[in-house]
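Asks: pasting the sequence and the predicted model now:
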Amino acid sequence: MIVAIEGIDGAGKTTQARRLVRFLNSKGVSSRYTSEPTGSGLGKIIRAYLRRGGIDPYLLALLFAADRVNHLNKTVKPLLQRGYIVVCDRYLYSSYAYQGVMTGQPLWVREINRMAPAPDIAVLLDVTVEEALRRKEKRIRFEDPSFLDEVRREYLRLCEAGLMVKVDASGGCDEVFAELLRAVAPRLGLGLDP
Ligand SMILES: Nc1ncnc2c1ncn2[C@@H]1O[C@H](COP(=O)(O)OP(=O)(O)OP(=O)(O)O)[C@@H](O)[C@H]1O
Ligand SMILES: [Mg+2]
């Protein structure tokens, strides 16, 4: 199973994805944390472009898709074959949302990502842009709040379309984790006890 944790920059994805993996492993459910963009050469190129800014949005979308192919082949599929639950900190729907907004070509973005299997569970950690930027403080990448708000609205549309489950991520870490578990535990056949 692929469990994707999504949300705008600073929503709390890494915090919650890592915590979910620790929780699952403590329950005897073998799971592993992984993230996109990856630590591979392609991921490094993506990060360098994002730091520099001004990259062609189509090129960026293709780079993310290429990094995803590599991630799937090198990391995700081998883990799935070994029976792990793979918790992805950003996955396919990050491209639907960010690259969809950046290119204005959501159908094209889906097309170039057709090789990527849909996640079995996708969670949107939903917070306001204001709160997310507050959490991120210095580490701002896409600092344009109006862009992030468009991305958030695109994510919310994906929830309405039934692709993702929305989790209110405005509370503290423990509160958000409890909400996250409420959303995913039944689908993973687990109880909710911490
Ligand atoms: N529920 C929360 N309440 C307050 N602060 C939080 C919460 N969750 C995470 N944080 C803090 O906010 C910051 C951003 O969290 P985190 O790195 O998990 O977000 P992210 O979605 O992974 O961000 P990025 O998109 O940059 O990878 C971190 O300093 C983290 O400790
Ligand atoms: Mg993160």
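Replies: Yes, it's here. Ligands and ions are numbered 1, 2, ... in the order given.
Asks: contacting residues for the closest residue to residue 43 other than its chain neighbours?
Replies: Among residues not flanking residue 43 along the chain, residue 37 sits closest, at 3.9 Å (CB to CB, 6 or more residues apart in numbering). Using the backbone N, CA and C atoms, a C-beta is placed for each residue, glycine as well. By CB atoms under 8 Å, 6 or more residues apart in numbering, the contact set of residue 37 is 43, 46, 47, 64, 67, 90.
Asks: need the contact list for residue 57.
Replies: Listed by CB under 8 Å, 6+ apart, the contact set of residue 57 reads 99, 102, 103.
Asks: mind pulling up the pLDDT for the second one?
Replies: I take that to be residue 102. You'll see residue 102 listed with a pLDDT of 96.
Asks: secondary structure class for it?
Replies: Of the three states, residue 102 takes helix under DSSP: H, G, I helix; E, B strand; the rest coil.
Asks: can you count the residues close to it?
Replies: Neighbour count for residue 102, taken as other CB atoms under 10 Å: 20.
Asks: same check on the last one?
Replies: Residue 103 is surrounded by 16 other residues when neighbours are defined as other CB under 10 Å.
Asks: pretty sure it is touching residue 58, no?
Replies: Yes. Between residue 103 and residue 58 there is a contact under CB atoms under 8 Å: 5.9 Å.
Asks: how about the residues of this structure by ligand 2?
Replies: Remark: the part of the chain in contact with ligand 2 comprises 13, 14, using CB under 5 Å from the ion.
Asks: that older thread, from ligand 2, how far off is the residue nearest to residue 43?
Replies: Distance, residue 37 to ligand 2, by CB to the ion, to the nearest Å: 11 Å.
Asks: mind pulling up the pLDDT for that residue?
Replies: Residue 37 carries a pLDDT value of 98.
Asks: quick one: contacts for the most centrally placed residue in the chain?
Replies: Nearest to the geometric centre of the chain sits residue 90, at 2.1 Å (CA atoms, centre = their mean). Contact analysis of residue 90 by CB under 8 Å, 6+ apart lists 4, 5, 6, 13, 35, 36, 37.
Asks: show me what contacts the fourth one?
Replies: Just to be clear, that refers to residue 13. 5, 6, 7, 89, 90, 125.
Asks: quick check: phi and psi at the second one.
Replies: This points to residue 6. When read as degrees, to the nearest 10, the backbone of residue 6 gives phi -120, psi 170.
Asks: test my guess that it contacts residue 126.
Replies: No. Residue 6 is not in contact with residue 126 according to CB under 8 Å; the separation is 9.4 Å.
Asks: got any residues that touch both of those two?
Replies: Shared contacts of residue 6 and residue 126 (CB under 8 Å, 6+ apart): residue 155.
Asks: so between the two, which is more surrounded?
Replies: Shown here are residue 6 and residue 126; by other CB under 10 Å, residue 6 has more neighbours (29 against 21).
Asks: let me know the pLDDT of that one.
Replies: 98.
Asks: list the contacts of it.
Replies: Neighbour list for residue 6: 13, 90, 91, 93, 94, 97, 122, 123, 124, 125, 155, 164 [criterion: CB under 8 Å, 6+ apart].
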